[in-house]
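Visitor: just a sequence and a predicted model for now, questions to come.
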Amino acid sequence: MTVQPKGSHFINGAYVEDTAGDAIPVVFAATGETLATLHAGTPAIIDQALTAAAAAQREWATWSPRERGRVLTRAAQIMRERNEDLSQLETLDTGKPIQETRVADATSGADALEYFGGLAGSLTGEHIPLGEDWVYTVREPLGVCVGIGAWNYPTQIACWKAAPALACGNAMVFKPSETTPLCALKVAEILIEAGLPKGVFNVVQGMGQTGAQLVTDPRVDKVSLTGSPATGKKVYAAAAAEMKHVTMELGGKSPMIVFDDADIENAVGGAILGNFYSSGQICSNGTRVFVHKSIKEKFLARLAERTSQAVIGDPREDETSIGPMVSEAQMNIVLGYLDKGKAEGARLICGGTRLDRDGFYIAPTVFADVTDDMTIAREEIFGPVMAVLDFDDEAEVIARANDTPYGLAAGVFTKDISRAHRVIGQLQAGSCFINSYNDAPVEAPFGGVKASGVGRENSKQAIEHYSQMKSVYVRMGDVEAPF
Ligand code: NAP
């Protein structure tokens with residue numbers, strides 16, 4: 001499979017190249033091999049993309065919403081038909097195991113395109129009667145939206161942003177992470193094939209600087225970022241300076257609480273999914289696993305046993321369930337946290353090291369006896385590192401779970417349904433789970449509170465973040481002026 005695209009960028013319906021931009025090597029994380037070289041967008045490329053988007057948006061907004069939706073639905077169908085090729089590309093771009101990418105990436109992107117494609121025709125305003133007079137509201141697009149992606153889910157992130165934006169009549173310029181630049185180009189190709197007018201969805205490669213140039217351009221009306229809280233603060237501030245709309249999908253340090261009456265197998269399964277899927281590179285992961293003291297040792301024993309069954313290997317192999325970290329840089333960040341966990345006195349249950357093989361592999365790691373003040377309990381690690389903390393009672397664990405600047409996700413495992421709802425009701429988090437972890441169907445709003453973000457992706461909620469309401473007062477009688 002050749003992964004070198006015909007050009008680094010996708011603008012106005014075609015691949016474009018400008019080798020004057022800084023080189024972006026695409027490194028396969030399982031081997032360290034360079035698979036392709038792309039180039040960052042120069043100012044001329046950025047200008048070309050924004051000019052194309054602004055022109056295309058004006059026409060796209062005149063299409064009937066149902067016609068817009070039909071394009072997205074067709075794109076969803078093409079993505080599903082090409083799932084195998086897209087999954088293989090995602091695996092090469094990110095290093096995630098093919099058994100994951102086959103079910104969680106192009107499929108999730110297709111879900112978003114299908115959902116918002118279906119919703120497009122029903123995006124209406126309302127009629128507000130005022131006696132003789134009345135007001136009607138019109139749902140209008142925002143204009144040109146910039147999407148900026150993280151590297152963990154490159155296809156999904158491009159689709160989660162493009163689908164609602166395009167359904168509402170906006171155009172988009174999407175900047176993937178420089179670490180995973182390939183997949184969004186395929187999304188652009190498929191949208192064009194599905195009948196999207198040229199220029200409505202464009203991809204510009206680049207580093208943070210390219211993102212910053214896009215955010216501050218006066219032609220841009222909205223910015224949707226998926227990234228770290230540190231980048232989120234910079235992008236939010238830059239957008240606010242010109243009163244642009246934002247959606248911020250940022251990081252977290254989410255709690256997962258396991259009560260003494262929980263089904264241990266399900267709780268262990270939830271902790272594995274919420275810490276080791278995608279080698280732990282998931283924003284909503286439940287990385288602080290609070291386990292009731294009375295079941296702690298049983299939980300840890302079963303966790304260690306099941307973790308030892310992970311198949312760590314080449315992500316292209318069907319049986320591999322744990323692949324490498326996305327990059328050498330991310331691996332080194334995670335290794336630094338492993339050192340801190342050990343140095344600050346956490347008890348290592350399993351893992352804790354880099355694997356002695358090519359590529360950027362870290363063994364799935366469980367630390368027990370973690371206390372609230374340890375670095376590994378406070379900072380987002382974004383790797384396969386689970387911190388297990390113990391607790392005695394409900395009020396105590398709720399207070400400790402909320403004692404973080406973040407609020408992306410939270411989970412509770414218990415058979416007591418009243419307790420489940422009571423506890424979830426008090427947790428400060430945007431995306432919550434009862435007896436489950438990390439499900440993210442497109443029908444459900446996804447996003448965080450506190451430092452984890454602003455706005456929501458997916459569901460009908462996303463429409464509010466990609467459109468604005470115009471209200472029109474209609475007077476039926478005469479105007480009564482004072483003079
Ligand atoms: P990151 O370093 O914040 O980068 C995110 C994106 O922003 C990249 O495309 C990056 O470009 C770009 N960027 C960096 N500085 C910028 C600036 N000043 N202006 C505009 N754009 C800028 O995050 P990451 O390391 O790629 O991803 C990991 C983080 O994303 C974690 O914190 C994770 O929790 C979060 N995340 C959140 C969600 C969610 O939905 N809540 C989902 C996935 C990941 P380059 O990297 O190419 O330089």
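Guide: Structure received. Numbers count the residues shown, from 1 in each chain.
Visitor: alpha carbons only for contacts and neighbour counts from here, please
Guide: Will do.
Visitor: just the CA coordinates for stretch 43-63, please, in PDB.
Guide: C-alpha atoms of stretch 43-63 as PDB (Å, rounded to 0.1, in the frame of the first residue of the first chain):
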ATOM      1  CA  PRO A  43       1.000  31.400   3.700                       C
ATOM      2  CA  ALA A  44       0.100  31.100   0.000                       C
ATOM      3  CA  ILE A  45      -1.500  27.600   0.600                       C
ATOM      4  CA  ILE A  46      -3.400  28.900   3.600                       C
ATOM      5  CA  ASP A  47      -4.700  31.800   1.600                       C
ATOM      6  CA  GLN A  48      -5.700  29.600  -1.200                       C
ATOM      7  CA  ALA A  49      -7.700  27.300   1.100                       C
ATOM      8  CA  LEU A  50      -9.500  30.100   2.900                       C
ATOM      9  CA  THR A  51     -10.300  31.900  -0.400                       C
ATOM     10  CA  ALA A  52     -11.700  28.600  -1.800                       C
ATOM     11  CA  ALA A  53     -13.700  28.000   1.400                       C
ATOM     12  CA  ALA A  54     -15.200  31.500   1.500                       C
ATOM     13  CA  ALA A  55     -16.300  31.400  -2.100                       C
ATOM     14  CA  ALA A  56     -17.700  27.800  -1.900                       C
ATOM     15  CA  GLN A  57     -19.600  28.500   1.300                       C
ATOM     16  CA  ARG A  58     -21.700  31.200  -0.200                       C
ATOM     17  CA  GLU A  59     -23.000  28.800  -2.900                       C
ATOM     18  CA  TRP A  60     -23.300  25.800  -0.500                       C
ATOM     19  CA  ALA A  61     -25.400  27.800   1.800                       C
ATOM     20  CA  THR A  62     -28.000  28.300  -1.000                       C
ATOM     21  CA  TRP A  63     -28.500  24.500  -1.400                       C
END
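Visitor: which residues sit against that stretch?
Guide: 11-12, 18, 68, 141, 143-144, 168-173, 197-204, 210, 214, 219-220 (Cα atoms under 8 Å, 6 or more residues apart in numbering).
Visitor: looks like Ser471 contacts Trp134 (just checking).
Guide: No - using Cα atoms under 8 Å, Ser471 is not in contact with Trp134; the gap is 10.3 Å.
Visitor: tell me which parts of the stretch 301-450 of the chain are close to the ligand?
Guide: When proximity is defined as Cα under 6 Å from any ligand atom, the stretch 301-450 of the chain approaches the ligand at Gly447.
Visitor: give me the residue from the stretch 301-450 of the chain nearest the ligand.
Guide: Closest approach of the stretch 301-450 of the chain to the ligand (Cα to the nearest ligand atom) occurs at Gly447, with a separation of 5.9 Å.
Visitor: the residue of the stretch 1-150 of the chain found nearest the ligand in helix, strand or coil?
Guide: As assessed by Cα to the nearest ligand atom, the ligand sits closest to Ala150 within the stretch 1-150 of the chain, at 3.5 Å. Three-state assignment for Ala150 (DSSP: H, G, I helix; E, B strand; the rest coil): coil.
Visitor: who's in contact with it?
Guide: Ile157, Pro176, Ser177, Thr226, Gly227.
Visitor: for the nearest residue to the fourth one once chain neighbours are set aside, grab the count of nearby residues.
Guide: Using Cα to Cα, 6 or more residues apart in numbering and skipping residues adjacent in sequence, the residue nearest Thr226 is Glu249, 4.6 Å away. Glu249 has 28 neighbouring residues, counting by other Cα atoms under 10 Å.
Visitor: ok, back up a step: narrow the contacts of stretch 43-63 to those in strands?
Guide: Ile11, Pro141, Val144, Ala171, Met172, Val173, Phe201, Asn202, Val203 (DSSP state E).
Visitor: give the contact list for the residue nearest to Thr226.
Guide: Ser224, Leu225, Thr226, Gly227, Gly232, Gly447, Gly448, Ser452, Gly453, Val454, Gly455, Arg456.
Visitor: mind doing that once more with 7 Å?
Guide: Counting by Cα atoms under 7 Å, 6 or more residues apart in numbering, Glu249 makes contact with Leu225, Thr226, Gly227, Gly447, Gly448, Ser452, Gly453, Val454.
Visitor: okay if I get these as a markdown table plus neighbour count?
Guide: Shown next, in a markdown table, are those (neighbours: other Cα atoms under 10 Å):
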| residue | neighbour count |
| --- | --- |
| Leu225 | 28 |
| Thr226 | 26 |
| Gly227 | 21 |
| Gly447 | 25 |
| Gly448 | 27 |
| Ser452 | 27 |
| Gly453 | 28 |
| Val454 | 21 |
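Visitor: and stretch 241-252, what's buried?
Guide: Buried residues in stretch 241-252, defined by neighbour count with 16 or more other Cα atoms under 10 Å: Lys244, His245, Val246, Thr247, Met248, Glu249, Leu250, Gly251, Gly252.
Visitor: so Gln428 touches Leu408, yeah?
Guide: No - between Gln428 and Leu408 there is no contact under Cα atoms under 7 Å: 8.2 Å.
Visitor: tell me which of those two has more neighbours.
Guide: Using other Cα under 10 Å as the criterion, Gln428 and Leu408 rank with Leu408 on top: 29 against 25.
Visitor: quick one, phi psi at Val258?
Guide: phi -110, psi 110 (degrees, to the nearest 10).
Visitor: one more: Ala165?
Guide: The main-chain torsion angles of Ala165 are listed as degrees, to the nearest 10 and equal phi -60, psi -50.
Visitor: burial check on it, number of neighbours?
Guide: Around Ala165 there are 29 residues (other Cα under 10 Å).
Visitor: contacts only, for the closest residue to it other than its chain neighbours.
Guide: Leaving aside its sequence neighbours, Ala165 sits nearest to Tyr466 (Cα to Cα, 6+ apart; 5.4 Å). Counting by Cα under 7 Å, 6+ apart, Tyr466 touches Pro141, Leu142, Pro164, Ala165, Cys168.
Visitor: same thing with Gly149?
Guide: Ile157, Lys175, Pro176, Ser177, Leu225, Thr226, Gly227.
Visitor: pLDDT score for it?
Guide: pLDDT for Gly149: 98.
Visitor: likewise Met1?
Guide: At Met1, the pLDDT value in this model is 58.
Visitor: again, but for the one 4 residues further on
Guide: pLDDT, Pro5: 98.
Visitor: check the secondary structure at it for me.
Guide: Pro5 ends up coil, using three-state DSSP.
Visitor: pLDDT of stretch 58-65, averaged?
Guide: The model assigns stretch 58-65 a mean pLDDT of 98.
Visitor: got the buried residues for that stretch?
Guide: Buried residues in stretch 58-65, counted by 16+ other Cα under 10 Å: Arg58, Trp60, Ala61, Pro65.
Visitor: can you list these in TSV and add distance to the ligand and secondary structure?
Guide: Output for those, formatted as TSV (distance: Cα to the nearest ligand atom, whole Å; DSSP: H, G, I helix; E, B strand; the rest coil):
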residue	distance to the ligand	secondary structure
Arg58	25	helix
Trp60	26	helix
Ala61	26	coil
Pro65	27	helix
